[in-house]
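Chemist: my questions concern the predicted model and sequence given below.
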Amino acid sequence: MNNVLDDQLDELYGYIEERCLWQFFSRSWDRQENIDGVLDQAARLLNGKGPARETPMDNLFYADAKILVADLRERFPWLEDAGEEEIRQLCDGLKGRLVDVVITRSKNRELNHHLY
Amino acid sequence: MPMVLLECDKDIPERQRHIFLKTPEDDVRECLPIANVPTIPGSLSERGCAFCGAKLVIGGVLKDTIQMIHGPVGCAYDTWHTKRYPSDNGHFPLKYVWSTDMKEQHIVFGGEKRLEQSIHEAFDEMPDVKRMIVYTTCPTALIGDDVKAVVKKVMKERPDVDIFTVECPGFSGVSQSKGHHVLNIGWINEKVGTAEKEITSEYTINFIGDYNIQGDTFLLQKYWDRLGIQVISHFTGNGTYDDLRCMHQAKLNVVNCARSAGYIANELKKRHGIPRLDIDTWGFNYMAEGIRKVCAFFGIEERGEELIADEYAKWKPQLDWYKERLLGKKMAIWTGGPRLWHWTKSVEDDMGIEVVAMSSKFGHEEDFEKVVARGREGTYYIDDANELEFFEIIDLVKPDVIFTGPRVGELVKKLHIPYINGHAYHNGPYMGFEGFVNMARDIYNATHNPLAYLAGQDIRDPTPLVMPERLREVA
C-alpha cells in the first residue's frame, strides 16, 4: 500500500474509531460480522452501487453504512475521486485495521466467552 | 506511563491496573483499564450490589409489576425511587415498595411461608395488578429458600397472575453488572415468546436500555410515534411486563444502554434473528444519527429528516446559547459505565465542554474500549474509583462540574465543586434534542451559580476571596 493510501486509511480509521459503536460489540464474532457487513455495504455505496437489502442483517448493515458513508464523504472530499480499485483497497485496509485493533489485539478479556 | 499509580494508592498498588491516562505518546490499544473484577480490599468502592443491578436498574422500572423483594426491609428501601423513573399511569413504580421484611425468626426457621404470604397479600391489596417479579437477596439466598417453588405454587393457585423470579443476591457478582446479566438472561429464557401483541405498524422495534429517567422514554416516544414506528417493548422505561414477553415480535432492537441490556439484544439476535442496532440518544449530533439509522433500516429516511429538521429548528438555538457560555468548561463523569462513552464526545461537540476525568462503577472492558476511543487525550479513565482517588483526581484535573451520583455528590459538594446527578439527572429528561438542552441548562446553572463559591468562603477570613467575574454577573 502506498503512502497516500496509507494516510487516507489513517483518516478513515480515525473517524470510525471515534464514532462507530458497531466495532465494539460484545464478542469477537459479533465484531467480525459487523466489520465485514458494514464495510461491504459501505464499499458498494462508495462505488455508486445499490446496497444489498435481502435480509434483516443486510438492512442493519446498510443503515450503519449509509450514515458512515455520508459522514466520510463530507469530511474527506478526496473520496469522490477514488476509483473502484482504490475504494476496495481502502475498505480491505479498514477491515484489516479494525480486526487487528478490536479483535486480535484487543485487551478485552470477554471477547471470546462462548456465552453472552 | 499510561497506567497510573496515584499517590493515595501506594499501599494498594493493584489499583494501577484500573487507572489510565490517555497520552499522545502511547499506543492506547496496548493499555486498557482492567474492569468488572472484584474490588480490591482496602479500596472504599462506590459500587452497588448485584441485586440492585437487577431491581433498581431494570425490573423496578416496570409500571404494572409488583416488585417483591424477599429479604430485610432495607434491601427494598435502598433500591426504591432513587432513580426517578416516572410512568404514565400515575408513577406506580415510584409510589410503592414491597418487601417480605425478613426478621431473625424467618432466617432461623426459613422464609418460604413468609414469601408465600407476602405474595398473596400484595395481590390481594392490589387486585388490578397481575404481574410480579420476586427477587432473592443475600440472606434469603444464603438460607436456601426455594423461591421458584413458592412462585410455582402461587401461580397454580392464582391462574390469572404471572410471576418472574430473579435469583441474584447482592453477593453474586462484583457489582450491579451481575444483576443486569441475570435479569436479561432469565427473561429471555423464561418469558420472551410467551405472549403476542397486536401489530399496528410494519415498522416495529424494541427500544432497549432506556429507563425513562425523568421522562427520557416519554420524550423519545414522541419521535417514534411521529416516525410511525411501533415500539413493541421498552426495556424497561415506562414499560409493561407483558410487552416484554412480546420482544420476539420486533423487527429491530434499538439499543441505548449496551451495558445493562446488551445481553438481551444479543440473545434476541441469536435466537430470533432480530438485528441489534446500537445508538447514542444523548446529544444533537448523536440523536440525529440514531434516528437516521433507524429510518434507513426501515426505508423511511424522509420522515426522519423532517423530524430532525423540526427538532433542530426548535432546540438548536437554545443549545447554542448555552454552548457559547460553556465553552472550555471542564467536566468529570463518574457514573456507572455507558454514560462515559455516550457523553464524552456529545458534550464536547454540542456544548464545547472538555471531559477531563471519567470513572465507571460497573463498566466492563468493552465500555473502556469505547470510552478510550472516544475520549480526549490528557483525560483520566478509571475503573471502580474510590474516595481518595476522587480527591486526588480532582486536584489533578480541577473540574468545573462533576456528574455523579448522590453519594459521591455529597463528597464533591463539600469541596465546593458543583455536582449534577449523573444517574437520575437534576432537571431532565436529558435524552433527545430537548433533553440535551435541559442538560446544558443544568451545567450552566451549576457552573454559574455563586453558591458553591459562597459556601467555600469563611466570613471570619480577613482576606476574603474575590468572587469570579462570571459569578458576579449572574449573582
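Modeler: Thanks, I have it. Numbers count the residues shown, from 1 in each chain, chains lettered A, B, ... in the order given.
Chemist: just for the chain, where's the confidence low?
Modeler: Let's take chain A. Applying pLDDT under 70 to chain A flags the ranges A:1.
Chemist: nope, chain B please
Modeler: Across chain B, the ranges flagged by pLDDT under 70 are B:1, B:475.
Chemist: can you pull up the most central residue in it?
Modeler: Geometric centre of chain B, nearest residue: B:His423, 5.9 Å, by Cα atoms, centre = their mean.
Chemist: correct me if wrong: that residue contacts B:Lys83.
Modeler: Yes - between B:His423 and B:Lys83 there is a contact under Cβ atoms under 8 Å: 6.7 Å. Using the backbone N, CA and C atoms, a C-beta is placed for each residue, glycine as well.
Chemist: and for these two, which residues touch both?
Modeler: Common neighbours of B:His423 and B:Lys83, counting by Cβ atoms under 8 Å, 6 or more residues apart in numbering or on different chains, are B:Ile213.
Chemist: mind listing what the residue in the stretch 51-200 of chain B positioned nearest to chain A touches?
Modeler: Closest contact between the stretch 51-200 of chain B and chain A, by Cβ to the nearest Cβ, is at B:Ile185 (7.5 Å). Contacts here follow Cβ under 8 Å, 6+ apart; on that basis B:Ile185 touches A:Tyr116, B:Tyr263, B:Ile264, B:Glu267.
Chemist: write out the residues of the stretch 201-350 of chain B neighbouring chain A.
Modeler: B:251-252, B:258, B:262-263, B:266-267, B:270, B:273-280, B:289, B:292-294, B:296-298, B:345 (Cβ under 8 Å from any Cβ of the partner chain).
Chemist: re the thing from before, so the residue of the stretch 51-200 of chain B closest to chain A is in which element?
Modeler: Assigned by DSSP states H and E, B:Ile185 belongs to helix B:176-190.
Chemist: what packs against the very next helix or strand once past that helix?
Modeler: Downstream of helix B:176-190, the next assigned helix or strand under DSSP H and E is strand B:204-210. Applying 3 or more Cβ pairs under 8 Å, 6 or more residues apart in numbering or on different chains; DSSP states H and E, one finds that strand B:204-210 contacts helix B:216-227, strand B:230-236, strand B:252-255, helix B:258-272.
Chemist: format these as a markdown table; extra columns: mean neighbour count.
Modeler: As requested, the helices and strands packed on strand B:204-210 are exported to a markdown table (neighbours: other Cβ atoms under 10 Å in any protein chain shown):
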| stretch | mean neighbour count |
| --- | --- |
| helix B:216-227 | 20 |
| strand B:230-236 | 25 |
| strand B:252-255 | 26 |
| helix B:258-272 | 23 |
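Chemist: closest one to B:Asn285 among these?
Modeler: Counting by Cβ to Cβ, B:Asn285 lies closest to helix B:216-227 out of these; the figure is 15.5 Å.
Chemist: would you map the helices across chain A?
Modeler: Counting by DSSP state H, residue ranges of the helices within chain A are A:3-19, A:28-46, A:56-75, A:84-99.
Chemist: could I get the ones you listed as TSV with distance to chain B?
Modeler: Converted to TSV, the helices of chain A look like this (distance: least, Cβ to the nearest Cβ, whole Å):
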stretch	distance to chain B
helix A:3-19	5
helix A:28-46	7
helix A:56-75	4
helix A:84-99	11
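Chemist: among those helices, which is nearest B:Leu44?
Modeler: Set against B:Leu44 and scored by Cβ to Cβ, the helices of chain A come closest in helix A:3-19, at 33.7 Å.
Chemist: list the contacts of that closest one.
Modeler: Contacts of helix A:3-19 (Cβ under 8 Å, 6+ apart): A:1, A:23, A:68, A:71-72, A:75-76, A:78, A:86, A:89-90, A:93-94, A:97-98, A:101, B:345, B:373-374.
Chemist: in PyMOL, select just the buried ones from those residues.
Modeler: With 16 or more other Cβ atoms under 10 Å in any protein chain shown as the criterion, this PyMOL line picks the buried residues out of the contacts of helix A:3-19:
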select buried, (chain A and resi 23+68+72+86+89+90+93+94+97+98+101) or (chain B and resi 345+373+374)
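Chemist: just list the residues touching B:Val28, thanks.
Modeler: B:Pro2, B:Lys22, B:Val372.
Chemist: now do the lengthiest helix in chain B against helix A:56-75, angle only.
Modeler: Taking DSSP H as the criterion, chain B has its longest helix at helix B:301-326. Angle, helix B:301-326 to helix A:56-75, by axes from the mean of the first three to the mean of the last three Cα atoms, to 10 degrees: 50 degrees.
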